[in-house]
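Chemist: Coordinates for the following, if possible.
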Amino acid sequence: QVQLVESGGGLVQAGGSLRLSCAASGRTFSTYAMGWFRQAPGKEREFVAAISWSGHSTYYADSVKGRFTISRDNAKITVYLQMNSLKPEDTAVYYCAASSLIIAIKEAGRIDYWGQGTQVTVSS
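Modeler: Predicted structure coming up:
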């Protein structure tokens with residue numbers, strides 16, 4: 001069992017930065033691939049970024065590549081999403097996700113555990 005709690009969301013102007021954190025509980029955290037998804041009003045939940053259990057492999061949606069960076073600290077059982085050069089279209093609720101299979105971490109329907117979400121609002 002893994003429980004995920006996000007923090008770090010808020011209101012920021014376009015061009016600004018935020019860092020999201022996802023604190024996990026559970027002794028098996030280090031064996032899970034971790035990811036971030038987001039969901040804007042009226043839209044489906046979409047993949048943003050993911051990282052393998054070792055931290056050696058990372059994956060990004062094209063829309064955030066070069067602006068967002070995912071990382072993890074297995075000792076602190078926390079995963080981070082550094083978001084730079086934010087745009088109004090990045091506005092959404094951001095969800096932390098865990099999957100026991102790295103091949104499934106990009107697919108919302110195959111996620112094992114979800115956090116409760118944190119709101120990110122980017123003003124123009």
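
Chemist: Identify the bridge partners of the most centrally placed residue in the chain.
Modeler: What sits nearest the mean C-alpha location of the chain, by C-alpha atoms, centre = their mean, is residue 36, with 2.1 Å. Residues in a beta bridge with residue 36, per DSSP bridges, are residue 49, residue 96.

Chemist: who's in contact with the helix or strand containing residue 20?
Modeler: Here residue 20 is covered by strand 18-25, with elements defined by DSSP states H and E. Counting contacts by C-beta atoms under 8 Å, 6 or more residues apart in numbering, the residues outside strand 18-25 that touch it are 2-10, 12, 34, 36, 77-83, 86, 94, 96, 98, 115, 118, 120. The way it works is simple: take the backbone N, C-alpha and C, and place the C-beta from them, glycine included.

Chemist: now swap in stretch 98-115 and tell me
Modeler: The contact list for stretch 98-115, computed with C-beta under 8 Å, 6+ apart, reads 2-6, 22, 24, 29, 31-35, 37, 44-47, 50, 52-53, 57, 59, 95-97.

Chemist: and what of stretch 30-45?
Modeler: Contact with stretch 30-45 is made by 2, 20, 22, 24, 46-53, 70, 72, 74, 77, 79, 81, 90-102, 104-106, 108, 111-113, 117, 120, as judged by C-beta under 8 Å, 6+ apart.

Chemist: Then stretch 47-63?
Modeler: Under the criterion C-beta under 8 Å, 6+ apart, residues 30-38, 46, 64, 68-72, 74, 79, 81, 89, 94, 102, 105-108 lie in contact with stretch 47-63.

Chemist: Of the contacts of stretch 30-45, just the buried ones, ChimeraX syntax please.
Modeler: Isolation of the buried members of those (16 or more other C-beta atoms under 10 Å) is achieved in ChimeraX through the command below:
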select :2,20,22,24,47,48,49,50,51,53,70,72,74,77,79,81,90,91,92,93,94,95,96,97,98,99,100,102,104,105,106,108,111,113,117,120
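
Chemist: Out of the contacts of stretch 30-45, list just those in strands.
Modeler: When those are checked against strands using DSSP state E, the ones located there are 20, 22, 24, 46-51, 70, 72, 79, 81, 92-99, 113, 120.

Chemist: Sketch out the low-pLDDT regions of this structure for me.
Modeler: Counting by pLDDT under 70, the low-confidence segments of the chain come to 27.
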